[in-house]
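Visitor: fold the stuff below for me.
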Amino acid sequence: MAVDSHQVNVEILKKDGWGAVSASEAGKSVGLPIPLLSKGNILILHKSDAETPICAVMAKVPNVSAVGDIANAIDIALKADRKIKDGKAIPAYWFPAEHIVELATTGSVDAPGVRIVVGYRK
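Guide: Sure thing, here's the model as predicted:
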């Protein structure tokens, strides 16, 4: 994972093909309030200077049922049991060693998306 107790390791992400995102307004470069990286049509926000570093992935999905497929893929990748809240499958949480991972839906039924947050847990 690119998140540890001190930072989000952007170099690890860059080696995996993630690139910095820039923004402009009226043709002039403007700063972003939080750093963004992109890969294809997926964005990562990261907060390295927080007491507890986090990285959030946001992406569109083709349909709402794809969220279940994403949750299953995270189960396999993390080799950790998924936790549910109040009997609901989403949002879902995983607690691999020293981390917390959350999967939540975003958008709408017509334009669904997901947010996956990875944070370091003391």
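Visitor: and Leu37, how many residues sit next to it?
Guide: Burial of Leu37, expressed as a neighbour count using other C-beta atoms under 10 Å, amounts to 21. C-beta here means a position set from N, CA and C on the backbone, and glycine is covered the same way.
Visitor: packing partners for the strand or helix carrying Leu13?
Guide: Mapping Leu13 onto the secondary structure by DSSP states H and E places it in helix 10-15. Judged by 3 or more C-beta pairs under 8 Å, 6 or more residues apart in numbering; DSSP states H and E, helix 10-15 is in contact with strand 36-39, strand 42-47.
Visitor: the longest one pairs with which strands, parallel or anti?
Guide: The reference is to strand 42-47. The pairing partners recorded for strand 42-47 under DSSP bridges are strand 36-39 (antiparallel), strand 54-60 (antiparallel).
Visitor: this structure: strands as residue ranges?
Guide: Under the criterion DSSP state E, the chain contains strands at 19-20, 23-25, 28-30, 36-39, 42-47, 54-60, 83-85, 88-94, 99-107, 112-120.
Visitor: state the mean pLDDT of the fifth one.
Guide: The one in question is strand 42-47. Model confidence over strand 42-47 averages 76 on the pLDDT scale.
Visitor: again with the last one
Guide: Throughout strand 112-120, pLDDT has a mean value of 88.
Visitor: contacting residues around that strand?
Guide: Applying C-beta atoms under 8 Å, 6 or more residues apart in numbering, the set of residues contacting strand 112-120 from outside is 1-5, 52-64, 66-67, 70, 74, 98-107.
Visitor: buried deepest among the helices and strands packed on helix 10-15, which one?
Guide: Among these, judged by mean count of other C-beta atoms under 10 Å, the one packed with the most neighbours on average is strand 42-47 (a mean of 19).
Visitor: got the contact list for stretch 78-89?
Guide: Gly68, Ala71, Ile74, Asp75, Pro91, Ala92, Tyr93, Trp94, Phe95, Pro96, Val101.
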